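[1] Give me a model of this one.
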Amino acid sequence: MNAPMVYELRRPKELDPTKKYPALFIMHGIGSNEQNMLSLVEGIDEQFFIFSIRGHLSQPPGFAFFTIQGYGKPHREVFDEGVNKLTSFIDYACEQYPLDKSQLYLLGFSQGAILAMTLGLTLGNKIKGIVALSGYIPAFVKEEYDIKPVDEVSVFISHGEMDQVLPFEWGLANNEYFRQLGAKVTFNTYQEGHSVSLKNLQDFTNWLLQDLEK
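    Next up, the predicted model:
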């Protein structure tokens, strides 16, 4: 079976053939690629199968998962296609690799964070955790998508207080939305712009490893 999307895989060096492993699906920001995100997960590939996924659309100098028609407004049809492709990819990975389906995590930055949160909402408690770095949830996702229960999902949301690309208020809204749905939310803010600081990286890495033990 061919993979529905291009991806880079990191896996534990010494695999136990009798064991199934947690999985972390990573999605990059607009104009980036699957290689750029791997620096964020160095050191945890002994615990996880890590799938860094390339957006299927060309967006020089890299790729994208969807296009944008206005501020905070993705093109709906293109966005839907990206969500469907990513959902298919998660299904593909679960079929092809020894993954523990009760320990699936999503991680994304910017456009990737938008998709990580959206996928978490559409897959619900099939997902164990979400790491959303500087994103938002499109209005049509909240209003028209089939939102599944997320009361068993752990969510790490972070946002830069000086984010010049996606306003800090959108991070506050993400936090509030997931809390209202009953998810277990950790919300961290940082004195930074639209980026991932070393402190942010350390915080979500620790959060991931701790949540894995729960």
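
[2] Can you give me the buried ones in the helix ranked longest in the chain?
    Counting by DSSP state H, the longest helix found in the chain is helix 76-96. Buried residues in helix 76-96, defined by neighbour count with 16 or more other CB atoms under 10 Å: 78-80, 82-83, 86, 89-90, 92-94. For the C-beta atoms, the positions are set from N, CA and C on the backbone; glycine is no exception.

[3] biggest separation within these, which pair?
    Spatially, the most separated pair among those is 78 and 94, at 25.2 Å (CB to CB).

[4] before we move on, back to that, packing partners for the longest helix of the chain?
    strand 21-27, strand 49-53, strand 99-109, helix 111-123 (3 or more CB pairs under 8 Å, 6 or more residues apart in numbering; DSSP states H and E).

[5] which neighbours does the helix or strand just after the last one have in its sheet, and in what orientation?
    On the C-terminal side of helix 111-123, the nearest following helix or strand under DSSP states H and E is strand 129-133. Note on strand 129-133: by DSSP bridges, its sheet partners are strand 99-109 (parallel), strand 154-160 (parallel).

[6] avg pLDDT for strand 129-133?
    Average pLDDT, strand 129-133: 98.

[7] Check which residues of that strand are buried.
    Applying 16+ other CB under 10 Å to strand 129-133 flags 129-133 as buried.

[8] outside of the following helix or strand past it, which residues touch it?
    As assigned by DSSP H and E, the chain's next helix or strand after strand 129-133 is helix 139-144. Contact with helix 139-144 is made by 72-73, 76, 118, 121, 177, as judged by CB atoms under 8 Å, 6 or more residues apart in numbering.

[9] For residue 193, list the residues it contacts.
    160, 162-165.

[10] Let's see that with 7 Å instead.
    Listed by CB atoms under 7 Å, 6 or more residues apart in numbering, the contact partners of residue 193 are 160, 162-164.
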